[in-house]
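> 3D, please:
(one chain, ligands or ions: 1)
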Amino acid sequence: MLRFDVISLFPAYFEPLKHHGVSRRAFDSAQMQLQCWNPRDFTTDAHRTIDDRPYGGGPGMVMLAEPLERTLDAIAAARQQAAQPAAPVWLFSPTGRRIDQKLVEDLAQSDGATLLCARYEGVDQRLIDRRVDTEISLGDFVLSGGEIPALALLDAVSRLLPGVLGCAQSAQQDSFSSGLLDCPHYTRPEVLNDQTVPEVLLSGDHARIAQWRREQSLRLTLRRRPDLLVQMLSTQSLSKRDLQFLSAMGYTP
Ligand code: 4F9
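Below you'll find the predicted structure:
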């Protein structure tokens, strides 16, 4: 069972995940469990303070280490009480390592994680040094907090759990699962305004269709994400036929 403990000042963000779409099925089938923890509940002063001004001056506020530390202690105790194994603590931060499909796949095979969603300018570094195992990022942009990256990660994990997607194959055919970008898709009608469906997809020739899709994926990856091709070359994940196609496209590794 995948257990996630999410630390957030805005637990309401996480409710929709349990009630809608693909992720809902992961909760309904009890493959995934999510508990939210509000650090404000672990403050000790009358104002329930969770942040303060940064030492050294400058704009913004910094989240206090102590309420977060008590929250993390409560989570560790709750896991232990439920006889669930300890899990790593991840902090969402633009300075973290980029989240990719490999990280999502590994997480889906694990016991879960504690996800720390920070607000304001950040978290007291001493809390990070003591209690955070990994900092992870959704990309090179700044958000107002870690809630949305946490939702993205939880959604990505939920759809990999057995039976959660309508069709088990669809997860394997997505972008990145093969190391390449996904190919284009078409459905009815056969002619839309003046746009037709590629003839090969109507041919019923499954080998030709598979080859066309592979070539489309290679072409798109070459154009938009050549870095992914470099990665596939280094892991020898491209077939001789792939390499022939790419070199016909003018690609020289
Ligand atoms: C976290 C941005 C992860 C991108 C957290 C402000 C963040 C973020 N990926 N931005 N707080």
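> after the longest helix seen in the chain, next one along is what?
Ranked by residue count and defined by DSSP state H, the top helix of the chain is helix 206-224. Using DSSP states H and E, the helix or strand that follows helix 206-224 in sequence is helix 226-234.
> Just checking the distance from that next one to the centre of its chain.
21 Å (CA atoms, centre = their mean, to the nearest Å).
> Could you check the angle the helix or strand following that helix makes with helix 226-234?
Going down the chain from helix 226-234, the next helix or strand is helix 240-248, by DSSP H and E. Computed with axes from the mean of the first three to the mean of the last three CA atoms, to 10 degrees, the direction of helix 240-248 lies at 140 degrees from that of helix 226-234.
> Near the ligand, which residues of this structure? Just list them.
Phe92, Ser93, Pro94, Ala118, Ser137, Leu138, Gly139, Val142, Leu143, Gly145, Gly146, Pro149 (CB under 6 Å from any ligand atom). The way it works is simple: take the backbone N, C-alpha and C, and place the C-beta from them, glycine included.
> List buried members of those residues by neighbour count.
The neighbour-count test (16 or more other CB atoms under 10 Å) applied to the residues of the chain next to the ligand identifies Phe92, Ser93, Ala118, Ser137, Leu138, Gly145, Gly146, Pro149 as buried.
> list the helices and strands the helix or strand encompassing Leu68 packs on?
Assigning secondary structure by DSSP H and E places Leu68 in helix 65-81. Counting contacts by 3 or more CB pairs under 8 Å, 6 or more residues apart in numbering; DSSP states H and E, helix 65-81 packs against strand 2-7, strand 32-37, strand 112-116, helix 125-131.
> which strands and helices sit next to whatever helix or strand comes next after the second one?
So the one you mean is strand 32-37. As assigned by DSSP H and E, the chain's next helix or strand after strand 32-37 is strand 51-52. Packing partners of strand 51-52 (3+ CB pairs under 8 Å, 6+ apart): strand 62-63.
> wouldn't Val123 be in contact with Glu66 here?
No - if you go by CB atoms under 8 Å, Val123 and Glu66 don't touch, sitting 11.5 Å apart.
> When these two are compared, which one has more neighbours?
Counted by other CB atoms under 10 Å, Val123 and Glu66 do not tie: Val123 has more neighbours, with 23 against 16.
> In the protein, which residue is most central in space?
In the chain, the C-alpha nearest the mean C-alpha coordinate belongs to Leu153, at 3.0 Å (CA atoms, centre = their mean).
> I'd say it and Ile99 touch.
Yes - with contact defined as CB under 8 Å, Leu153 reaches Ile99; the gap is 6.2 Å.
> Now the common contact residues for these two.
When contacts are counted by CB atoms under 8 Å, 6 or more residues apart in numbering, Leu153 and Ile99 are jointly contacted by Ile136.
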